[in-house]
Structure formats: C-alpha cells, structure tokens
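In: Pasted the sequence and its predicted model underneath.
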Amino acid sequence: RKEVEQDPGPFNVPEGATVAFNCTYSNSASQSFFWYRQDCRKEPKLLMSVYSSGNEDGRFTAQLNRASQYISLLIRDSKLSDSATYLCVVNLAPGNQFYFGTGTSLTVIP
Amino acid sequence: EAQVTQNPRYLITVTGKKLTVTCSQNMNHEYMSWYRQDPGLGLRQIYYSMNVEVTDKGDVPEGYKVSRKEKRNFPLILESPSPNQTSLYFCASSPDRAFYEQYFGPGTRLTVT
C-alpha cells in the first residue's frame, strides 16, 4: 500500500475556475504535510505547508483532516500560470523520511 | 544566491561503470536528501542525512551509496549502475527535518544502457 495517494488527473479547467485536489495518507504517525508544485519535470517547489487548522495563501487553501487521513488543496480563480503538477508530501515521525504522492496534473485552459 | 546545485545535469552511461552525482548547498542546511522520480511512481527517497557523518536509508536505497563528510556536500554514488537506475534524480536540503521547506536541486537525468 502506498504511503500517499493522489488522483493523478489530469484536471483540465477553464481560467477562473475553482479546482480541488485531495490526497490520502496511510500512516497515522505522519506529522507534517505539504503541497509542492512541479513544472514539467523541473525541481519541485514548496507551494504551502498544511496545518491542522487549515491555512490560506491568496487563492490557495490547504486543509488537513487527521481523522480521515487526508489533505486537500483548493485553488480559486485559476490562472494559466497554475498549470503544473501538484505533489502531496507527508513526513513521518520522527521527521526523517518524506513520502511523495505521484502528483496531480492541472492544465488551466484559456 | 541560495541554491542547491547538482552535477552533472545529464548523464548517459553503461551498465557497471561507477558514477557519482554531486550535490552541494550553500544555505548551511542540516538536512539533505536524495530522491529519484519515475513515471507513475512519483518521487521516492533514496537516502537522507541529518548532519555530517549521519546518513540513513530511505525507501529505495538498494544500489546506491552516499556520504556526508562536509555539511554542504552530499554525493550520490552508484557503484555498479544498472538500467533500472535510469531515472531523474533530485537532491534536496532543508534547515531541519520535519517542518521546513525542502529546497531542490535542478535534477540529474541519468540513463544507464
């Protein structure tokens, strides 16, 4: 069983749309959670960390549900520049190992 | 400029010929890690290091070695590369382990024939 699972998509949405990605993790000992963005086989870059209380950064909102072991990313008012692959990342206690989902591909269409 | 550098960026080699991929960071980060990325499998952690002379196996360490003799450098060594090690490799560093952003290098695309 994979530690982290994501719907690979692809998600094709028009500009201005709202899109949501979910990610589930299998290990309840997971202690920190992140969303990374990866453009066309370039290096991943941190989009946002995910906190228990949920957090928002502009058009992006991340939520964590520990009871159901999933995290989500909501993108509002999608821009063409949001087209990328979004990677869900989970860190297992005591904090040494990271597990990445396979990524969800998003294409925003004009 | 704060960055993680990897060399070479592209490498084509033959089975069994030892190679080293270098990784260096200039941010004084404690934590460094190597990943490989394969289609349909995502990024998988190969080895990580929490500090100088401290290294540990990740999820897929077979066929790889690492060393951390200096804080800034974390080379990945393939003693006897095989075709199933053809992949895109990323080095990453972080100020600490769990709760901080990882900064990734630009990647090394390795082909083993």
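Out: Yes, it's here. Numbering: from 1, shown residues only, chains lettered A, B, ... in the order given.
In: Up against chain B, what does chain A have?
Out: With Cβ under 8 Å from any Cβ of the partner chain as the criterion, chain A meets chain B at residues A:4, A:31-32, A:34, A:41-46, A:49, A:87, A:91, A:93-103. Every C-beta, even on glycine, is put in place using the N, C-alpha and C of the backbone.
In: Give me the buried subset of those residues.
Out: When the residues of chain A next to chain B are checked for burial by 16 or more other Cβ atoms under 10 Å in any protein chain shown, the buried set is A:4, A:32, A:34, A:43-44, A:46, A:49, A:87, A:91, A:95-103.
In: Quick check: A:Phe21 touching A:Gln63?
Out: No - at 10.9 Å, A:Phe21 does not count as touching A:Gln63 under the criterion of Cβ atoms under 8 Å.
In: which of the two has more neighbours?
Out: A:Phe21 (22 against 19; other Cβ atoms under 10 Å in any protein chain shown).
In: what residues are up against the more buried one?
Out: A:Gln6, A:Asp7, A:Phe11, A:Ser72, A:Leu73, A:Tyr86, A:Cys88, A:Thr104, A:Leu106 (Cβ atoms under 8 Å, 6 or more residues apart in numbering or on different chains).
In: mind checking the SS state of it?
Out: Secondary structure, DSSP: H, G, I helix; E, B strand; the rest coil: A:Phe21 is strand.
In: measure it to A:Ser32 for me?
Out: 18 Å (Cβ to Cβ, to the nearest Å).
In: Burial check on the closest residue to A:Gly16 other than its chain neighbours, number of neighbours?
Out: Excluding the flanking residues, the one nearest A:Gly16 by Cβ to Cβ, 6 or more residues apart in numbering or on different chains is A:Asp77, at 5.7 Å. A:Asp77 has 11 neighbours, counted by other Cβ under 10 Å.
In: right, and A:Asp77 touches A:Arg59 too?
Out: Yes - A:Asp77 lies in contact with A:Arg59 (Cβ under 8 Å); the separation is 5.4 Å.
In: Now A:Ser52: closest residue in space that isn't a chain neighbour?
Out: A:Leu64 is the one closest to A:Ser52 (Cβ to Cβ, 6+ apart), at 5.5 Å.
In: what's the burial count for the one you found?
Out: Neighbours of A:Leu64 (other Cβ under 10 Å): 21.
In: now swap in the one 10 residues further on and tell me
Out: Other residues near A:Leu74 number 15, with proximity taken as other Cβ under 10 Å.
In: For it, give me its contacts.
Out: By Cβ under 8 Å, 6+ apart, A:Leu74 lies in contact with A:Thr18, A:Val19, A:Ala20, A:Phe60, A:Thr61, A:Ala62, A:Gln63.
In: Tell me the first helix or strand C-terminal of the helix or strand B:Leu43 falls within.
Out: Assessed by DSSP states H and E, B:Leu43 sits inside strand B:42-51. Helices and strands here follow DSSP H and E; after strand B:42-51, the next one along the chain is strand B:54-57.
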